[in-house]
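Peer 1: coordinates for the following, if possible.
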Amino acid sequence: MHNANSDRNLLFGILALQMDFIHREQLVGAMNAWVLEKSTPLATILVRSGALAQADCELL
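Peer 2: Residues are numbered from 1 along each chain as shown. Have a look, this model is predicted:
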């Protein structure tokens with residue numbers, strides 16, 4: 001099923017990668033975690049794992 005929250009999470013991850021806030025491996029790892037934990041935003045998973053700084057998260 002496709003929804004706006006999924007789109008938002010995917011866009012967030014792609015933007016973070018394109019802006020060099022995270023590395024490809026970090027995005028892949030966060031996406032794997034997000035698939036198992038869909039109720040948690042990808043941004044939260046990236047910050048919680050230490051892959052993304054809170055300040056960069058807020059900027060995005």
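Peer 1: residue contacts, residue 52?
Peer 2: Counting by C-beta atoms under 8 Å, 6 or more residues apart in numbering, residue 52 makes contact with 16, 21, 22, 26, 43, 46. C-betas here are computed from N, CA, C, even on glycine.
Peer 1: show the buried residues in these.
Peer 2: A residue is treated as buried here by neighbour count (16 or more other C-beta atoms under 10 Å); on that basis the buried members of the contacts of residue 52 are 16, 21, 22, 26, 43, 46.
Peer 1: and the gap between the third one and residue 44?
Peer 2: Meaning residue 22. Between residue 22 and residue 44 the computed distance is 14 Å (C-beta to C-beta, to the nearest Å).
Peer 1: then the first one?
Peer 2: Taken as C-beta to C-beta, the spacing of residue 16 relative to residue 44 amounts to 13 Å.
Peer 1: can you check the second one too?
Peer 2: From residue 21 over to residue 44 the distance is 15 Å, taken as C-beta to C-beta.
Peer 1: could the contacts of residue 52 go into a markdown table alongside distance to residue 5?
Peer 2: Below are those laid out as a markdown table (distance: C-beta to C-beta, whole Å):
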| residue | distance to residue 5 |
| --- | --- |
| 16 | 17 |
| 21 | 21 |
| 22 | 20 |
| 26 | 21 |
| 43 | 12 |
| 46 | 16 |
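Peer 1: same list (these) but as a markdown table, adding secondary structure.
Peer 2: As requested, those are exported to a markdown table (DSSP: H, G, I helix; E, B strand; the rest coil):
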| residue | secondary structure |
| --- | --- |
| 16 | helix |
| 21 | coil |
| 22 | coil |
| 26 | helix |
| 43 | helix |
| 46 | helix |
